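Visitor: Give me coordinates for this.
(chains A and B)
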Amino acid sequence: MPLIKAGTAAADPYAAVADEAPLPEGPTVVSLTRFRKDRDTLLARNTPLGVRLKSDESPEALGEDVARLSLIVLEFPKFRDGRAFSWARMLRTRLRFTGEIRATGDFLYDQLSYMTRVGFDAFEVPETITPELYRRALGEMSNVYQPSADGRKTIRELRAGK
Amino acid sequence: MYRYDEFDAAFVKERTEQFRYQVERRLKGELTEDQFKPLRLMNGLYLQLHAYMLRIAVPYGTLSAKQLRMLAHIARTYDKGYGHFTTRQNIQFNWPKLKDVPDILADLATVEMHALQTSGNCIRNVTADQFAGATAEEIEDPRPLAEIIRQWSSLHPEFVFLARKFKIAVGATPHDRAALKYHDMAVEIVKNEAGETGYRVLAGGGMGRTPYIAHMMREFVKREDILAYLEAVLRVYNQDSRRDNIHKQRIKILINTIGPEEMRQRVLREFEEIRAAGTLQLPAEELARIAAYFAPPAFETLDDHSPEFEAALQDDDFADWTASNVHRHRAPGYAIATISLKPVGGVPGDCSHVQLDALADLMDRFGMTEIRVSHEQNLVLPHVRKKDLPAVFARLRELGLATANAGLVTDVICCPGLDYCDLANARSIPVAQKIAERFADLDRQHDIGELKIKISGCINACGHHHAGHIGILGVDKKGVEFYQLLLGGSGAEDASIGQIMGPGFGEHEIVDAVERVIDTYLKLRTNGERFLDTYRRVGMEPFKNMAYQEQLYAAH
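Guide: Take a look at the predicted model:
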């Protein structure tokens, strides 16, 4: 599946590993279950590590280990399941996660700007969503009313000339 | 009233184009109906039994004459000549074509209106007391805060794919006209012991198949913290709500499952974090800036006694209308007038394009800048000079808008029911009409006094049947419409959930049953007791015994 990262097409260096499969060399993504089971081994490896969370798994389950991860993948089992919007926001604001937050699963073009606002910066997209379309999605609304994880100036700040 | 600045105007315009692009993709088949559905709902567009239905937001129920004229234009141009005011202060049109909807939204944007978030699993249009800014009872006008909430909730990136819909209301008076306790979240403007104005926040109320009265979340939230607190409640809800059963995904279910105390703790943690981050703090200048838009009109200095008004009371019709539809205003010599949209034989909440235009003209003629929509599906003229009341009444009468029944037995709240709605099990409009016909006699209505009948055509409770002093719920029994009777509900400050009386009544029995219940009340009431008071004193039994009388005879 194509990956859009920071607004452009990007190669995906991470290998997704099933829970029972042996760990490959290089950057790896594991489930929360696998992470809990092999935590020490996984963190001891000298290579980027990602964890994939289901929509009912709060990133808080990762505890302090969040800081040692390079990637957190948040699943959208159905595009209507909006929990990951709060998980991404929590990762950026409460847990101060600075690595990649990637969306995977069932989401729509029409959600890309919301996702970007709450802290997602990478998207595993269907072929129909190109980087050009991604940029179009972000440009649909010029201004926003609420502060979020993207740090954009709000309409209130713009009114105040800030 | 609030006026858009360049940012608000650009926002609504861009939002319209965003929706236009979604409609284009739907018409080209690039979006499936399943994908399009939540997107169109976020713009108030339903697919109903016969056609699309577009629900337009009337934030906190306030409209200008110019906006009324635009609604008339939309009714005339894109619909069948009328609109329907809803229990959440919105107006809906029942017959638009999908291809026209972007143009309707563009027309609305020219008068600072939109259909943002009038449906879907997001924060819905914010409602408020229809007497806001006009009643002497209030601590302050609730609409500035409602407008601030409207802006904060508009396309809030974290909360547009919630587990279910989320409705917020704001009130500022001891007498609750906005059904606060039946909302997912409600903000009540209060004063603390130190005399500071702040906000009491309630959450977890709701109707539908599992009705609940809202729980207190926090007794006093400081002014500057209110958005932080609301965001905290929403975040806990978005994270923790069930997503596996559509009937158990409202915040009322979450709060009543984990308990209000646990909910308060979870919210508190988020609240403290958001407050510490500081980004959502509401500066006093911002609140003052928004509040300035809602400054009351410059009231003339008038004597509270108006000879013109008092002379007109000689006319019985005017006196009847005054008794039920005119309320006390904060300024001497002024009054609040309710325009009933419940004429005998009409459809509760419907208003024609001719009436909408004529009301706009009436506003201009009497120098009124605002008209309000109430959750009881009526309109309200918030600031009328008492001396103008006779002329206003005369004009309303010509327009068929002077029914003297506000708050009385024929002022029925009613959902569109099976005549329009895809979800309904039974028709509700004909029942409302038959009740109105049965009790059409005004002397009888005034004798019965305050009595709120609320009718829903299905368990989703759009007609607020749980909150009716008398509630009627339409059900489908093997393809036949039946009506259950509920007694003792209230959506006001003394909120309570109505109790089901027993087996349902057939379409031809329900109005008789209602009449027998009311006759029972008239026999049992003591001085000054409303129906609700009598019910609370004597309980269900006496009413039940009478209501089923006919069925009992039939059985013997």
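Visitor: what packs against the helix or strand containing B:Glu231?
Guide: Assigned by DSSP states H and E, B:Glu231 falls within helix B:226-240. Using 3 or more CB pairs under 8 Å, 6 or more residues apart in numbering or on different chains; DSSP states H and E, the elements in contact with helix B:226-240 are helix A:83-93, helix B:143-153, strand B:185-191, strand B:197-203, strand B:215-222, helix B:251-258, helix B:260-277. (Glycine included, C-beta is placed from N, CA and C.)
Visitor: Which of these sits closest to B:Arg20?
Guide: helix B:143-153 (22.2 Å; CB to CB).
Visitor: how far does that closest one sit from the chain's center?
Guide: 17 Å (CA atoms, centre = their mean, to the nearest Å).
Visitor: relative to strand B:197-203, how tilted is it?
Guide: Between helix B:143-153 and strand B:197-203, the angle comes out at 50 degrees (axes from the mean of the first three to the mean of the last three CA atoms, to 10 degrees).
Visitor: Please state the offset of the host helix or strand of A:Ile72 from the chain centre?
Guide: Using DSSP H and E, A:Ile72 sits in strand A:71-76. Offset of strand A:71-76 from its chain centre (CA atoms, centre = their mean): 5 Å.
Visitor: could you give the angle of that strand to helix A:83-93?
Guide: Using the same axes, to 10 degrees: strand A:71-76 against helix A:83-93 is 160 degrees.
Visitor: For strand A:71-76, output the C-alpha coordinates as CSV.
Guide: Extracted in CSV, the C-alpha atoms of strand A:71-76 (Å, rounded to 0.1, in the frame of the first residue of the first chain):
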residue,chain,number,x,y,z
LEU,A,71,6.6,4.8,15.0
ILE,A,72,3.1,4.3,16.3
VAL,A,73,0.6,2.9,13.9
LEU,A,74,-3.1,3.6,14.7
GLU,A,75,-5.7,1.4,13.1
PHE,A,76,-9.0,2.4,11.7
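Visitor: quick one: strands adjacent to that strand?
Guide: The pairing partners recorded for strand A:71-76 under DSSP bridges are strand A:49-53 (parallel), strand A:100-105 (parallel).
Visitor: For it, which outside residues touch it?
Guide: A:14, A:27, A:29, A:48-55, A:59, A:62, A:66, A:84, A:87-88, A:91, A:97, A:99-107, A:120 (CB atoms under 8 Å, 6 or more residues apart in numbering or on different chains).
Visitor: could I get the strands paired with strand A:71-76 as JSON lines with mean neighbour count?
Guide: Listed next are the strands paired with strand A:71-76 as JSON lines, based on neighbours: other CB atoms under 10 Å in any protein chain shown:
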{"stretch": "strand A:49-53", "mean neighbour count": "22"}
{"stretch": "strand A:100-105", "mean neighbour count": "21"}
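Visitor: Now those in CSV, please, with extra columns for distance to A:Phe79 and mean pLDDT.
Guide: Output for the strands paired with strand A:71-76, formatted as CSV (distance: least, CB to CB, whole Å; pLDDT from 0 to 100):
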stretch, distance to A:Phe79, mean pLDDT
strand A:49-53, 17, 98
strand A:100-105, 8, 98
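Visitor: would you list those in TSV and tack on distance to B:His327?
Guide: Compiled in TSV, those are given as follows (distance: least, CB to CB, whole Å):
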stretch	distance to B:His327
strand A:49-53	54
strand A:100-105	53
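Visitor: In chain B, which residue sits nearest chain A?
Guide: B:Phe161 (2.7 Å; CB to the nearest CB).
Visitor: Give me the neighbour count for B:Val201.
Guide: B:Val201: 22 surrounding residues under other CB atoms under 10 Å in any protein chain shown.
Visitor: any idea how far B:Gln151 is from it?
Guide: Here B:Val201 is placed at a distance of 18 Å from B:Gln151 (CB to CB, to the nearest Å).
Visitor: closest one to B:Lys434 among the helices and strands packed on helix B:226-240?
Guide: It is, among those and with distance given as CB to CB, helix B:251-258, at 32.5 Å.
Visitor: Look up the closest residue to B:Gln35, ignoring the ones flanking it.
Guide: Once flanking residues are discounted, B:Gln35 sits nearest to A:Leu108: 5.9 Å by CB to CB, 6 or more residues apart in numbering or on different chains.
Visitor: Please apply the same query to B:Asn125.
Guide: In this structure, B:Asn125 finds its nearest non-sequential neighbour in B:Ala57, 4.3 Å apart by CB to CB, 6+ apart.
Visitor: What of B:Thr526?
Guide: Closest residue to B:Thr526 apart from its sequence neighbours, by CB to CB, 6+ apart: B:Thr534 at 7.6 Å.
Visitor: I'd guessed the one you found sits against B:Leu524; true?
Guide: Yes: between B:Thr534 and B:Leu524 a contact is recorded at 5.4 Å, counting by CB atoms under 8 Å.
Visitor: More neighbours: those two, which one.
Guide: B:Thr534 (20 against 16).
Visitor: Around B:Thr32, how many other residues sit close by?
Guide: 9.
Visitor: Which pLDDT does the model give the residue nearest to B:Gln35?
Guide: At A:Leu108, the pLDDT value in this model is 97.
Visitor: do the same with B:Lys477
Guide: Listed pLDDT for B:Lys477 reads 89.
Visitor: wait, it sits on B:Gly504?
Guide: Yes: counting by CB under 8 Å, B:Lys477 touches B:Gly504, with 6.9 Å between them.
Visitor: if you count what's nearby, which of these two comes out ahead?
Guide: B:Gly504 (21 against 12).
Visitor: before we move on, back to that, assign a three-state SS to the residue nearest to B:Thr526, would you?
Guide: Under DSSP: H, G, I helix; E, B strand; the rest coil, the three-state class of B:Thr534 is helix.
Visitor: Could you say which one of the strands paired with strand A:71-76 comes nearest to A:Ile129?
Guide: strand A:100-105 (11.1 Å).
Visitor: Report the distance from that closest one to the chain centre.
Guide: 4 Å.
Visitor: What of stretch B:278-298?
Guide: 24 Å.
Visitor: Using PDB, write out the CA atom coordinates for that stretch.
Guide: The C-alpha trace of stretch B:278-298 is given here as PDB (Å, rounded to 0.1, in the frame of the first residue of the first chain):
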ATOM      1  CA  GLY B 278      -3.500  26.700  28.300                       C
ATOM      2  CA  THR B 279      -4.500  26.600  24.600                       C
ATOM      3  CA  LEU B 280      -8.200  26.400  25.200                       C
ATOM      4  CA  GLN B 281      -8.400  29.100  27.900                       C
ATOM      5  CA  LEU B 282     -11.200  31.600  27.100                       C
ATOM      6  CA  PRO B 283      -9.800  35.100  27.500                       C
ATOM      7  CA  ALA B 284     -12.300  37.600  29.200                       C
ATOM      8  CA  GLU B 285     -11.800  39.900  26.200                       C
ATOM      9  CA  GLU B 286     -13.000  37.200  23.800                       C
ATOM     10  CA  LEU B 287     -16.100  36.500  25.800                       C
ATOM     11  CA  ALA B 288     -16.800  40.200  26.000                       C
ATOM     12  CA  ARG B 289     -16.200  40.600  22.300                       C
ATOM     13  CA  ILE B 290     -18.700  37.900  21.500                       C
ATOM     14  CA  ALA B 291     -21.200  39.100  24.200                       C
ATOM     15  CA  ALA B 292     -21.200  42.600  22.600                       C
ATOM     16  CA  TYR B 293     -22.900  41.100  19.500                       C
ATOM     17  CA  PHE B 294     -25.800  40.000  21.800                       C
ATOM     18  CA  ALA B 295     -26.300  43.300  23.500                       C
ATOM     19  CA  PRO B 296     -30.000  43.900  23.800                       C
ATOM     20  CA  PRO B 297     -31.600  46.400  21.500                       C
ATOM     21  CA  ALA B 298     -31.800  49.900  23.000                       C
END
